[in-house]
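Student: next input, structure requested:
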Amino acid sequence: ANVLYLRSLDDSKAIRECAAVAKQAVVIGGGFIAMEVTSVLAQKSIEVTIVLNEERMWAKFFTPEMSRFFENYYTDRGVRFQRMTSVLELRGGDGVESAALANGQTIACQMVVAGIGVTPVVELLSGSGVEVGDGVMVNEYLESSRPGILAAGDVANYPDVLFGKRRRVEHWDNAVSQGQHAARTLMGERTPFKHVPYFFSDVFDLSYEFWGDTADAEEIVSRGDLSSNSFSVWWLRQKSVVAAFVMNRPDEERETAPKWIESGQPVSAARLANASNPR
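Tutor: Numbering: from 1, shown residues only. Next up is the predicted model:
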């Protein structure tokens with residue numbers, strides 16, 4: 001008992017109930033869900049240990065400097081880190097009492113939250129003729145391989161026409177946008193789903209937004225002070241912005257980021273690095 005995920009309202013209620021009595025918690029993972037859950041638990045004066053199998057927080061998205069900022073921010077608020085390791089065993093009686101790690105450490109805890117990504121549920125489509133892989137495979141109109149059957153949200157594996165690759169996005173902003181687009185497709189509109197990948201998050205007293213895809217970036221430019229809580233980071237490929245992270249920066253930056261990514265217009269890295277230029 002008290003080994004939890006965060007994928008539904010019931011999960012959220014269970015975490016809240018556990019947090020009302022727990023003194024120590026283990027959060028598995030170093031990404032979106034893990035960061036948010038940890039910030040909430042730590043603010044309830046729970047001693048939280050983050051266990052991640054990478055050398056730094058959210059290495060998939062963050063630059064080393066960004067990871068360092070957030071790790072320091074969390075550490076200053078009492079959070080502990082166990083890096084480059086994994087959970088071998090959860091121990092306890094009626095409820096979890098400790099987590100044994102691959103590095104030999106044992107962490108006392110009364111609750112565990114796993115923030116390790118999701119596996120799309122496609123078993124219900126077995127034998128249906130609908131093509132599945134890492135999710136339901138859809139075309140640029142969000143249509144599956146069977147006429148009249150569409151998919152949207154976390155389960156939809158779709159061709160990103162902006163980046164020229166397939167992706168499956170696990171964030172509600174994508175689910176909302178795809179749900180709306182699927183409805184328009186069902187009503188007869190024939191336009192490809194075109195959407196800049198996006199998510200936002202609130203952790204402790206910080207709020208940030210992220211757009212785009214950093215995978216093929218050739219250059220990274222920052223604005224502001226990465227040791228403060230006000231900075232932005234921009235990823236460029238062939239002189240065009242492909243991704244942007246903005247936290248506590250002028251509105252011009254957050255408004256410009258998705259426009260630049262969608263348009264692919266050339267951007268001067270030197271001008272971008274000059275924080276005195278709003279754009």
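Student: in space, what's closest to the spatially most central residue of the chain - neighbours in sequence excluded?
Tutor: Compute the mean C-alpha point of the chain, and by C-alpha atoms, centre = their mean the closest residue is F32, 3.9 Å away. The shortest distance from F32 to any residue that is not its chain neighbour, by C-beta to C-beta, 6 or more residues apart in numbering, is 6.3 Å, and that residue is S201. (Glycine included, C-beta is placed from N, CA and C.)
Student: same check, this time on A175
Tutor: Excluding the flanking residues, the one nearest A175 by C-beta to C-beta, 6+ apart is G153, at 3.6 Å.
Student: residue contacts, the one you found?
Tutor: With contacts defined as C-beta atoms under 8 Å, 6 or more residues apart in numbering, G153 is in contact with N174, A175, Q178, G179.
Student: residue contacts, the second one?
Tutor: When you say that, I think you mean A175. Applying C-beta under 8 Å, 6+ apart to A175 gives the contacts A152, G153, D154.
Student: got the CA positions of the helix or strand containing it in PDB?
Tutor: Using DSSP states H and E, A175 maps to helix 172-186. Taking Å, rounded to 0.1, in the frame of the first residue of the first chain, the C-alpha atoms of helix 172-186 are listed here in PDB:
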ATOM      1  CA  TRP A 172      -2.900  17.800 -21.300                       C
ATOM      2  CA  ASP A 173      -2.300  20.700 -23.600                       C
ATOM      3  CA  ASN A 174      -1.700  18.300 -26.400                       C
ATOM      4  CA  ALA A 175      -4.700  16.300 -25.500                       C
ATOM      5  CA  VAL A 176      -7.000  19.400 -25.600                       C
ATOM      6  CA  SER A 177      -5.600  20.600 -28.900                       C
ATOM      7  CA  GLN A 178      -5.800  17.200 -30.500                       C
ATOM      8  CA  GLY A 179      -9.300  16.600 -29.200                       C
ATOM      9  CA  GLN A 180     -10.500  19.800 -30.700                       C
ATOM     10  CA  HIS A 181      -8.800  19.000 -34.000                       C
ATOM     11  CA  ALA A 182     -10.200  15.500 -34.100                       C
ATOM     12  CA  ALA A 183     -13.700  17.000 -33.600                       C
ATOM     13  CA  ARG A 184     -13.200  19.300 -36.600                       C
ATOM     14  CA  THR A 185     -12.000  16.400 -38.700                       C
ATOM     15  CA  LEU A 186     -15.100  14.400 -37.800                       C
END
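Student: coming back round to it: buried only: go through the contacts of G153 for me.
Tutor: The neighbour count (16 or more other C-beta atoms under 10 Å) marks N174, A175, Q178 as buried among those.
Student: my read: D154 touches V169, true?
Tutor: Yes. In this structure, D154 is within contact of V169 by C-beta atoms under 8 Å, at 7.3 Å.
Student: burial count for Q24?
Tutor: Residues contacting Q24 under the criterion other C-beta atoms under 10 Å number 18.
Student: what's the helix or strand containing S222 in contact with?
Tutor: Assignment of secondary structure by DSSP H and E places S222 within strand 219-225. Strand 219-225 is contacted from outside by 63, 65, 230-237, 249, 253, 269, 272-275, using C-beta under 8 Å, 6+ apart.
Student: return the subset of these lying in strands.
Tutor: Under the assignment DSSP state E, the contacts of strand 219-225 contribute S230, F231, S232, V233, W234, W235, L236, R237 to strands.
Student: can you redo those residues as JSON lines with neighbour count, distance to R7 and pLDDT?
Tutor: Formatted as JSON lines, the ones in strands among the contacts of strand 219-225 follow (neighbours: other C-beta atoms under 10 Å; distance: C-beta to C-beta, whole Å; pLDDT from 0 to 100):
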{"residue": "S230", "neighbour count": "15", "distance to R7": "32", "pLDDT": "95"}
{"residue": "F231", "neighbour count": "21", "distance to R7": "31", "pLDDT": "96"}
{"residue": "S232", "neighbour count": "23", "distance to R7": "30", "pLDDT": "96"}
{"residue": "V233", "neighbour count": "22", "distance to R7": "29", "pLDDT": "97"}
{"residue": "W234", "neighbour count": "26", "distance to R7": "32", "pLDDT": "97"}
{"residue": "W235", "neighbour count": "23", "distance to R7": "29", "pLDDT": "97"}
{"residue": "L236", "neighbour count": "21", "distance to R7": "35", "pLDDT": "97"}
{"residue": "R237", "neighbour count": "17", "distance to R7": "33", "pLDDT": "96"}
